[in-house]
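> predicted coordinates and the sequence they were generated for:
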Amino acid sequence: MRTTIQTNGSSLSMAQCLSPKKNAPPPRAAAGFLLLDSSMRPISFNAEAVQVLSYPDKPESVRRPGVFLAGKVRSRLMREQLTEEGPLVAEFRSGRRRYLCRAFLVDTHTNGSTHPCVAVLLERDPSGLTPLSEVSKQFNLTRRERDALEYLLQGLSSKEIADRMTVSPNTVKAFLRLVMIKMGVSSRSAIMAKIITAKLIS
């Protein structure tokens, strides 16, 4: 199986992306990465994922990381009940830090057959402040509305949000209008004020 990744107009093999150049220190990962099979068992992962999910223990104390991560995926990343939003949670805590859990369906092709996998990114919440699950429940936001709100709280513009969500800027504006209607506010700046007054900031 040969998987290629497009980056800045160049095509790189997966091996090139995962194998650092000789004499070059490995770059520090900004996010934890897991590649799960259809049974949600880890196929591949990086050291950051082990660090995030092993806290407060030290990553070097993990003897069998594959088995360890399989258990952590089941106990910390899987939803208790299957919903339309998918089997994985959208956010979780590791110590005092809040992490966002983003899942992407990936089709891998081997010997002419397709095997669905799930790529998972574990990113530290840049704001560290807003418990989006609580916001979503209180104001009955859909997943896409919550995604738009999350990016808005990160300070992104409508165009930047559109690029992240792979929709048009007008669609982003529509999502944010619905968020404002549900929150009973009339501007984007009022969204944060509403969250603060609702005592949703941890």
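Now that the structure is in, tell me what you want to look at.

> drop to CA atoms for contacts and neighbour counts, all remaining ones
Fine.

> could you point out which element follows the longest helix anywhere in the chain?
Scanning the chain for the helix with the most residues, using DSSP state H, yields helix 169-183. With elements assigned by DSSP states H and E, the helix or strand that comes after helix 169-183 is helix 188-197.

> average pLDDT for that following helix?
Here helix 188-197 scores 76 as its mean pLDDT.

> run the angle between that helix and helix 169-183 for me.
40 degrees (axes from the mean of the first three to the mean of the last three C-alpha atoms, to 10 degrees).

> helices or strands up against helix 188-197?
Applying 3 or more C-alpha pairs under 8 Å, 6 or more residues apart in numbering; DSSP states H and E, one finds that helix 188-197 contacts helix 169-183.

> ok, the residue nearest to residue 65 when sequence neighbours are not counted - contacts?
Nearest residue to residue 65 in three dimensions, chain neighbours excluded: residue 50, at 7.1 Å (C-alpha to C-alpha, 6 or more residues apart in numbering). Residues counted as contacts of residue 50 (C-alpha atoms under 8 Å, 6 or more residues apart in numbering) are 32, 59, 65, 69.

> now, which of these sits nearest residue 167?
Nearest to residue 167 among the contacts of residue 50: residue 32, at 25.5 Å, using C-alpha to C-alpha.

> low-scoring stretches of the protein, by residue?
For the chain, the stretches with pLDDT under 70 are 1-30, 82-85, 108-114, 125-131, 196-202.

> which residues of it fall in helices?
Here the chain has its helices, by DSSP H, at 14-18, 47-54, 65-72, 132-139, 143-153, 158-165, 169-183, 188-197.

> and the last one, how far from the chain's centre?
To tie it back to what came earlier, the one meant is helix 188-197. What separates the centre of helix 188-197 from the centre of its chain is 24 Å, taken as C-alpha atoms, centre = their mean, to the nearest Å.

> likewise for the longest one?
Between the mean C-alpha point of helix 169-183 and the mean C-alpha point of its chain there is a distance of 21 Å (C-alpha atoms, centre = their mean).
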